[in-house]
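1. Structure for this input, please:
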Amino acid sequence: MGIDILLINLIIVTLIVIILGFPISFCLGVGAVFYLIANDFPLSQAVSKLVFSVQSYTMLAIPLFMLAGRLMNESKITDRIFDFANMLVGRVPGGLGQVNVVLSLIFSGMSGSALADVGGIGAMEIKAMKDKGYDEDFSVGITLASSVIGPIFPPSIPMVLFGIIAEVSITGLFLGGILPGILISLMLMIYVFFVARRKKYYTSETYTFKQFAIAFLRAFPAILTPVIIVGGMTFGIFSPTEAATVSVLYAIFLSFIYRELNFKTLWKVLEEVTISVSKLMFIIANALLFGWILTVGELTQQLSSVLTAAFDSPYMFLLLLNVALLILGAIIENAILLYILAPMIAPIAQQVFGIDPIHLGVVMVFNIMIGQFTPPMGLSLFLMRDITGHSLVRISKAVLPFLVPLIIGLLIITYIPIIVTFIPRALGF
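-> Residues are numbered from 1 along each chain as shown. The predicted structure is shown next:
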């Protein structure tokens with residue numbers, strides 16, 4: 001089977017113009033239309049794909065999880081979680097650095113997004129660490145690094161995307177992210193511990209059991225969010241989309257219980273999320289159209305033949321995949337990478353190399369999330385620039401040391417797949 005040179009060139013050109021800063025959705029859409037014209041396909045097929053590709057019940061989970069995370073931000077639930085995390089691990093060497101990681105782990109159970117983590121709790125974390133005398137670059141670095149936990153620990157918007165694209169159980173992917181999310185947290189906490197010992201970041205604050213109990217009770221309803229979502233999906237009480245709906249209703253319930261959200265703010269959140277979702281869905285529609293022409297051009301079969309000839313081991317395939325995604329994740333938005341690569345990679349990984357699709361999904365999402373704060377184009381870098389006012393160069397230097405524990409964690413998850421698959425398989429997914 002010959003390689004479709006036109007399709008390969010089209011992918012390369014599309015990636016180049018995206019990197020140069022052209023609108024992602026138009027790059028993908030125009031590229032797909034060009035391929036259809038070159039191969040005498042009726043353009044009505046492009047219109048049909050654009051319109052009907054996003055008419056998916058499961059895809060409703062994406063805007064709903066986005067809304068839930070935004071509501072959690074606005075309702076200042078994070079303040080209560082911060083107090084609890086501070087009492088839980090604040091006395092460990094590295095104090096607020098450890099709190100930063102635990103807060104991200106808990107908050108990830110509500111937002112499912114790295115950008116929501118940075119934007120929602122980043123400023124609070126950095127300010128708290130600066131006030132206690134922590135080096136600002138260290139504060140910025142750990143805040144960015146810990147945000148990677150958000151899309152790994154359930155619920156996760158990128159996991160929903162991968163599940164839709166690769167036709168993998170979203171519940172299984174959520175369950176598969178539990179142990180990796182905890183592992184990543186531990187890797188970062190160990191790194192913070194050693195840095196803190198060297199820089200003498202200690203705390204002398206003490207708390208009584210009564211103070212700890214009060215902090216726990218204040219944070220408990222928010223901590224319960226991922227338990228309700230994942231537990232309900234695991235036991236078949238509701239689907240991923242219904243779980244997202246429950247998370248929104250629960251977020252509204254908590255917001256009004258805590259008296260931190262009024263109807264005016266709620267309306268503002270709905271407007272902002274509607275605009276964000278509209279932009280995302282237009283990108284997704286064009287990405288799905290582009291993914292469809294990859295299928296039409298039989299690129300998956302062609303790549304399968306090439307990779308089978310080049311590699312005879314799933315370990316080498318996964319190593320190549322990790323390197324490629326780490327590079328591409330630094331220059332291309334995560335949703336686009338998933339929509340372009342998942343339809344090509346998932347069948348090859350499963351059918352040729354026997355890689356579990358849930359394991360593959362967690363590995364791909366983790367790779368791409370690391371790219372969110374990797375120079376030169378990681379979106380979290382730009383968000384952190386807006387929060388701190390620092391240059392991208394300074395922020396990039398601050399976060400680079402934290403890539404060490406994250407990449408070690410990535411390699412562990414990649415080559416010990418049972419860390420990902422144990423919980424899903426034990427529960428029948």
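2. got the buried residues for stretch 222-232?
-> 222-223, 225-226, 228-230, 232 (16 or more other Cβ atoms under 10 Å). No exception for glycine: its C-beta is placed from N, CA and C like everyone else's.
3. Mind checking which of the residues you listed are in strands?
-> Of the buried residues of stretch 222-232, none are assigned to strands by DSSP state E.
4. Can you tell me which of these is closest to residue 389?
-> Checking the buried residues of stretch 222-232 against residue 389 with Cβ to Cβ, the nearest one is residue 222 at 29.7 Å.
5. Let's test this: name the helix or strand in the protein with the lowest mean pLDDT.
-> Least confident helix or strand, the chain: helix 299-310 with a mean of 65, by mean pLDDT, DSSP states H and E.
6. Could you point out the helix or strand that follows it?
-> Once helix 299-310 ends, the next helix or strand along the chain (criterion: DSSP states H and E) is helix 314-329.
7. Now tell me what touches that next one from outside.
-> Under the contact criterion Cβ atoms under 8 Å, 6 or more residues apart in numbering, helix 314-329 has outside partners 307, 311, 337, 341, 345, 349, 353-355, 363-364, 367-372, 374, 378, 407, 410-411, 414-415.
8. Now that helix - C-alpha only, CSV.
-> Once non-C-alpha atoms are left out, helix 314-329 reads as follows in CSV (Å, rounded to 0.1, in the frame of the first residue of the first chain):
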residue,chain,number,x,y,z
PRO,A,314,5.5,-2.1,21.9
TYR,A,315,8.1,-0.6,24.3
MET,A,316,9.9,1.1,21.4
PHE,A,317,6.6,2.2,19.9
LEU,A,318,5.6,3.8,23.2
LEU,A,319,9.0,5.5,23.5
LEU,A,320,8.7,7.0,20.1
LEU,A,321,5.1,8.1,21.0
ASN,A,322,6.3,9.7,24.2
VAL,A,323,9.0,11.7,22.5
ALA,A,324,6.7,12.8,19.6
LEU,A,325,3.9,13.9,21.9
LEU,A,326,6.2,15.8,24.3
ILE,A,327,7.5,17.8,21.4
LEU,A,328,4.2,18.3,19.7
GLY,A,329,2.4,19.0,23.0
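9. model confidence over it, on average?
-> For helix 314-329, mean pLDDT is 85.
10. picking up where we left off before, hmm, which of the contacts of helix 314-329 are the buried ones?
-> Those of the contacts of helix 314-329 that meet the buried threshold are 307, 311, 337, 341, 345, 349, 353, 355, 363-364, 367-372, 374, 378, 410, 414, by 16+ other Cβ under 10 Å.
11. In the stretch 51-200 of the chain, where is pLDDT below threshold?
-> 76, 90, 109-121 (pLDDT under 70).
12. please redo it, this time with the cut-off set to 80
-> In the predicted model, the stretch 51-200 of the chain carries pLDDT under 80 at residues 51-59, 61-62, 65-66, 68-83, 86, 88-96, 106-125, 127-128, 131-133, 199-200.
13. now the stretch 301-429 of the chain
-> 301-312, 327-337, 339-340, 343-344, 371-388, 392.
14. Remind me which helix or strand residue 247 belongs to.
-> helix 240-257.
15. Output that helix as PDB, restricted to C-alpha atoms.
-> Extracted C-alpha coordinates of helix 240-257, given in PDB (Å, rounded to 0.1, in the frame of the first residue of the first chain):
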ATOM      1  CA  PRO A 240     -20.500  10.300  31.500                       C
ATOM      2  CA  THR A 241     -22.800  13.000  30.200                       C
ATOM      3  CA  GLU A 242     -25.200  12.500  33.100                       C
ATOM      4  CA  ALA A 243     -22.200  12.600  35.500                       C
ATOM      5  CA  ALA A 244     -21.200  16.000  34.000                       C
ATOM      6  CA  THR A 245     -24.800  17.200  34.600                       C
ATOM      7  CA  VAL A 246     -24.700  16.000  38.200                       C
ATOM      8  CA  SER A 247     -21.400  17.800  38.700                       C
ATOM      9  CA  VAL A 248     -22.900  21.100  37.500                       C
ATOM     10  CA  LEU A 249     -26.000  20.700  39.800                       C
ATOM     11  CA  TYR A 250     -23.700  19.800  42.700                       C
ATOM     12  CA  ALA A 251     -21.500  22.800  42.000                       C
ATOM     13  CA  ILE A 252     -24.500  25.100  42.000                       C
ATOM     14  CA  PHE A 253     -25.800  23.500  45.200                       C
ATOM     15  CA  LEU A 254     -22.400  23.900  47.000                       C
ATOM     16  CA  SER A 255     -22.100  27.500  45.700                       C
ATOM     17  CA  PHE A 256     -25.400  28.600  47.200                       C
ATOM     18  CA  ILE A 257     -24.900  26.500  50.400                       C
END
